[in-house]
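Novice: after the sequence you'll find the predicted model.
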Protein chains: 2
Amino acid sequence: MPLIIQKYGGTSVGSIDRINIVSERIAATYQAGNRLVVVVSAMTGETDRLLNLARQITLSPNQRETDMLISSGERVTSSLLAMALQNRGIPAQSFTGRQVGILTDNAHTQARIEQISADRLKDALAREIVPVVAGFQGINQVSDVTTLGRGGSDTTAVALAAALKADLCEIFTDVEGVYTTDPNVVSSARRLQKISYEEMLEMASLGAKVLHTRSVAFAMNYQIPVRVRSSFSDGEGTLVTEEDHEMEQEPVSGITCDKNQAKVTLIGVPDQPGIASKIFEALSRENMNVDMIIQNVGQEGLTDLSFTVPRGNADQAKEILSKLADAVGIKDVVLTERIAKVSIVGVGMRSHSGVAAKMFSRLAAEGINIMMISTSEIKISCVIHSKYTELAVRTLHEAFELGMKPTPNRKKT
Amino acid sequence: MPLIIQKYGGTSVGSIDRINIVSERIAATYQAGNRLVVVVSAMTGETDRLLNLARQITLSPNQRETDMLISSGERVTSSLLAMALQNRGIPAQSFTGRQVGILTDNAHTQARIEQISADRLKDALAREIVPVVAGFQGINQVSDVTTLGRGGSDTTAVALAAALKADLCEIFTDVEGVYTTDPNVVSSARRLQKISYEEMLEMASLGAKVLHTRSVAFAMNYQIPVRVRSSFSDGEGTLVTEEDHEMEQEPVSGITCDKNQAKVTLIGVPDQPGIASKIFEALSRENMNVDMIIQNVGQEGLTDLSFTVPRGNADQAKEILSKLADAVGIKDVVLTERIAKVSIVGVGMRSHSGVAAKMFSRLAAEGINIMMISTSEIKISCVIHSKYTELAVRTLHEAFELGMKPTPNRKKT
């Protein structure tokens, strides 16, 4: 009998009506002869409501306490959904992360799953019960509650799929799947039927919000097929799976943009071995997440060094480096906040040449200056002025022919 | 160093402002050189909010799921209060019922504590941490969350006091202590400085809402001094403790009334051995909580039998007995809903004669008919028509001289 993990996000269970609708879908899947494990997020707004209570007390709440606080949201949803299923005659039971044996490291609010015993889940499945698991949470070795970071319920779902060797992990959300780009920016954006783990991983890291990056990495490591689909419709969504021939036909699968970045430029850095490591070690000590790094050609023993950081960390990064400036001999630290990173992603790039050249020339043709470039085997990212973001995305979406072919009676999927 | 358990009820932690105020009191107790364990309820209204969500799904939610749902309220308060304490520089940590080792039986929503390991509490206290424990909850043997019934946080506090051999258990609430009777009914009601466990137990069972009955029984069994006091003032409250000479001076300590009862009368019951047991076994099988029972003198082999049940169970009781009527030979089942039970309580009754006679004659003098009587060593209860409730309480309060002596500059305590 197939085993399916279904995860429902916050908007999918955002009200009692929604919980009832979702319970109907679960009941249908169960009655169709599947074994099922359901993972739920907190109801929309609940985590923010709880965090707001904490912020009324202190602007820097203790992270262990924060985890105790916000993990309650998923418990509420899991018990309510279990009741709704029981109400339909489906034998359901709620479980916390602890009860299904999700053991994490000790990094409160950003914990990583280290081990899953899943004994109670196996037992429940053997008794034909539908377990409804509170996502986003586990316990550490001293049995304190930990949470997996925003979007962590995706990770719970995929990790349980791996632990239980599930046949499929379905992630139900409020969009129809993974799109070639944000449909709010480009109206002709097309839903992808399939996407490879690698591409999804790049797109998630590059700002596509449909799946949590770590959940994609987990799915890739354990080869779990993941289907992203809407709980508001019957659309088939997007299957995230291993790369196949079909996927390689096009050089580019999707385009992402991330406006949540800032650029820090260090001017007049001594062009000597060991200087860069001093700079990035100072940032790393403060858990600063540095993304793209470029170094200009040096003149007279001096060079300029630029990198990007999340915009929320930009002021802190400038502060850290300004303190370091005298000791290391940096002339100036300049912050540029109005930037955006636009990226094209596709496994087809490997076998198509000229993709980068096409990207750069099309941006240039629109008068968009490229400040920084970074590439991997399956993606190319450019940092540009943020005012050109939408123009760049539309231009590239058209250039790589990602849009839907208009037909007279086209239905929106 | 003295060890004090402080429990704060829902109104005492009903808002972020209240949580901050309470944290100030805890900080003061800690800084005065005490070791402290704090137990909290859910914020006012939170348990009802959660139960209301469940009721929107089903009118008879599964009890295991109900416990998972409503236990989240205390977790939220415990983490928020821990944050507020940390904000004042007090080393605090929140703990769930599970984390402090509260093991209960399996009676979901009405569980009883079977064992407390309290290892983490002892460890925290040794490290001078103030543990903030989510009240009202524990886990059963399969590690599912259980709750202790309404008011169960009182029981958590007293049970932890027993497990840790605390010097004092303080129950903070929104009233100034235990009163001779409900101050809303009798304006001259007086706060008691002390009350014995036995009296408090009777008063709690008889409708005084200030303490959870089971918590009083626990305190009595383990000889834990309990102080009931207000978190909204600096009043010293009421000490619940062992009986002493001071208490015995007056025959009556307090008067309670309970309007939440109904009377069931069985007319024409065969006056034979075994009939009563059939009747009460039938009620017991449905977990019906029968209180007072009286049987009239029989005539011609028939008798009338009356008893009281909680008003919410009255219709069910009538239904059960109507089904039984033919088999057992009961002629009729009559329900009387508009009744009230008025009780006088006092350890002094043991050494004073004529207390009952005085109660009956004073009620008679006011034209109040007594329908049923039940007595114990330290209490006398009368069932009367509910329309006389307040009159009866005022009359008895005056008859036994429980009121405050009016003085020109009397301050309300």
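Specialist: Received, thanks.

Novice: grab the most central residue of chain A for me.
Specialist: Among the residues of chain A, the one closest to the centroid is residue A:212, at 2.8 Å (CA atoms, centre = their mean).

Novice: how far away is residue A:140 from residue A:113?
Specialist: 11 Å (CB to CB, to the nearest Å). The C-beta positions use only the backbone N, C-alpha and C, and glycine is treated the same way.

Novice: ok, now residue A:398?
Specialist: 41 Å.

Novice: how about the helix or strand of chain A with the lowest mean pLDDT: buried residues?
Specialist: Every helix and strand in chain A was compared by mean pLDDT, DSSP states H and E; the lowest is strand A:293-295, with a mean of 83. Buried residues in strand A:293-295, defined by neighbour count with 16 or more other CB atoms under 10 Å in any protein chain shown: residue A:294.

Novice: got it, and stretch A:198-209?
Specialist: Within stretch A:198-209, the residues that count as buried by 16+ other CB under 10 Å are A:198, A:199, A:200, A:201, A:202, A:203, A:204, A:205, A:206, A:207, A:208.

Novice: pretty sure residue A:279 contacts residue A:306?
Specialist: No. Using CB atoms under 8 Å, residue A:279 is not in contact with residue A:306; the gap is 11.5 Å.

Novice: mind listing what residue A:165 touches?
Specialist: Applying CB atoms under 8 Å, 6 or more residues apart in numbering or on different chains, one finds that residue A:165 lies in contact with residue A:3.

Novice: so what's the residue of the stretch 301-413 of chain A found nearest chain B closest to, chain neighbours aside?
Specialist: At 21.6 Å from chain B, residue A:312 is the closest residue in the stretch 301-413 of chain A, using CB to the nearest CB. Nearest residue to residue A:312 in three dimensions, chain neighbours excluded: residue A:260, at 7.8 Å (CB to CB, 6 or more residues apart in numbering or on different chains).

Novice: could you report the neighbour count for that neighbour?
Specialist: Neighbour count of residue A:260, defined by other CB atoms under 10 Å in any protein chain shown: 11.

Novice: same check on the one 5 residues further on?
Specialist: Residues near residue A:265, counting by other CB under 10 Å, number 17.

Novice: what parts of the stretch 251-400 of chain A come near chain B?
Specialist: Within reach of chain B by CB under 8 Å from any CB of the partner chain, the stretch 251-400 of chain A has no residues at all.

Novice: which regions of the stretch 251-400 of chain A lie under the pLDDT threshold?
Specialist: Residue ranges of the stretch 251-400 of chain A with pLDDT under 70: A:298.

Novice: just the closest residue of it to chain B, please.
Specialist: For the stretch 251-400 of chain A, CB to the nearest CB, closest residue to chain B: residue A:287, 20.9 Å.

Novice: quick one, grab the pLDDT at the residue of the stretch 101-250 of chain A found nearest chain B.
Specialist: Using CB to the nearest CB, residue A:143 is the residue of the stretch 101-250 of chain A that sits closest to chain B, at 6.3 Å. Listed pLDDT for residue A:143 reads 96.

Novice: any idea how far the closest residue to it other than its chain neighbours lies from residue B:375?
Specialist: Distance criterion CB to CB, 6+ apart; nearest residue to residue A:143, sequence neighbours excluded, is residue B:99 at 6.3 Å. Separation of residue B:99 from residue B:375 (CB to CB): 45 Å.

Novice: if you count surrounding residues, which of those two has more?
Specialist: Between residue B:99 and residue B:375, counted using other CB under 10 Å, residue B:99 has the larger neighbour count: 23 against 13.

Novice: where does the more buried one sit, in terms of helix or strand?
Specialist: Using DSSP states H and E, residue B:99 sits in no helix or strand.

Novice: and it, what does it touch?
Specialist: A:143, A:144, B:120.

Novice: in a strand, the last one, correct?
Specialist: So the one you mean is residue B:120. No. Counting by DSSP: H, G, I helix; E, B strand; the rest coil, one finds residue B:120 to be helix, located in no strand.

Novice: contacts only, for it.
Specialist: B:95, B:99, B:100, B:101, B:131 are the contacts of residue B:120 under CB under 8 Å, 6+ apart.

Novice: how about the fourth one, nearest residue that isn't a chain neighbour?
Specialist: The spatially closest residue to residue B:101, leaving aside those adjacent along the chain, is residue B:117, at 3.1 Å (CB to CB, 6+ apart).

Novice: ok, the last one next?
Specialist: When the adjacent residues along the chain are set aside, residue B:131 lies closest to residue B:124, with 4.7 Å between them (CB to CB, 6+ apart).

Novice: please identify the helix or strand for the one you found.
Specialist: helix B:119-126.

Novice: buried set for that helix?
Specialist: Those would be B:120, B:121, B:124, B:125, for helix B:119-126 by 16+ other CB under 10 Å.

Novice: for stretch A:10-21, same thing?
Specialist: Buried residues in stretch A:10-21 (16+ other CB under 10 Å): A:10, A:11, A:12, A:13, A:14, A:16, A:18, A:19, A:20.

Novice: which pLDDT value belongs to the first one?
Specialist: Here, the pLDDT recorded for residue A:10 equals 94.

Novice: please tell me I have it right and residue A:79 contacts residue B:58.
Specialist: No. If you go by CB under 8 Å, residue A:79 and residue B:58 don't touch, sitting 11.7 Å apart.

Novice: for the residue nearest to residue A:143, phi and psi?
Specialist: phi -70, psi -30 (degrees, to the nearest 10).

Novice: any idea how far residue A:363 is from residue A:149?
Specialist: 33 Å.

Novice: and the two? Which one has more around it.
Specialist: residue A:363 (21 against 16).

Novice: in the helix or strand encompassing that one, which residues are buried?
Specialist: Using DSSP H and E, residue A:363 sits in helix A:355-365. Going by neighbour count (16+ other CB under 10 Å), the buried part of helix A:355-365 is A:355, A:358, A:359, A:362, A:363.

Novice: please tell me how far residue A:28 sits from residue B:295.
Specialist: Per CB to CB, residue A:28 is found 58 Å from residue B:295.

Novice: quick revisit: what do residue A:140 and residue A:113 both touch?
Specialist: What both residue A:140 and residue A:113 touch, as defined by CB under 8 Å, 6+ apart, is the set A:103, A:104.

Novice: higher neighbour count, those two?
Specialist: Taking neighbours as other CB under 10 Å, residue A:140 and residue A:113 compare with residue A:113 leading, 23 against 18.

Novice: which residues does the more buried one bridge with?
Specialist: residue A:104 (DSSP bridges).

Novice: so what's the residue count around residue A:85?
Specialist: Residue A:85, neighbours per other CB under 10 Å, totals 30.

Novice: any idea which element it lies in?
Specialist: helix A:72-87.

Novice: ditto for residue A:53
Specialist: Residue A:53 belongs to helix A:46-57, assigned by DSSP H and E.

Novice: what about residue A:257, which helix or strand?
Specialist: strand A:254-258.

Novice: what does residue A:335 give?
Specialist: With DSSP H and E as criterion, residue A:335 is part of strand A:332-336.

Novice: the next helix-or-strand element following that strand packs against which elements?
Specialist: Sequence-wise, the next helix or strand beyond strand A:332-336 is strand A:339-345, with elements assigned using DSSP H and E. Contacts defined by 3 or more CB pairs under 8 Å, 6 or more residues apart in numbering or on different chains; DSSP states H and E place strand A:339-345 against helix A:197-205, strand A:254-258, strand A:261-270, strand A:379-385, helix A:389-399.

Novice: of the ones you listed, which is nearest residue B:64?
Specialist: Of all those, helix A:197-205 sits nearest to residue B:64, with 36.4 Å by CB to CB.

Novice: show the end-to-end separation of stretch A:164-183, please.
Specialist: 35 Å (CA to CA, to the nearest Å).

Novice: look up the closest residue to residue A:76, ignoring the ones flanking it.
Specialist: Nearest to residue A:76 is residue B:72, by CB to CB, 6+ apart, at 5.5 Å.

Novice: so the one you found makes contact with residue A:74?
Specialist: No. Applying CB under 8 Å, one finds residue B:72 not in contact with residue A:74, separated by 9.4 Å.
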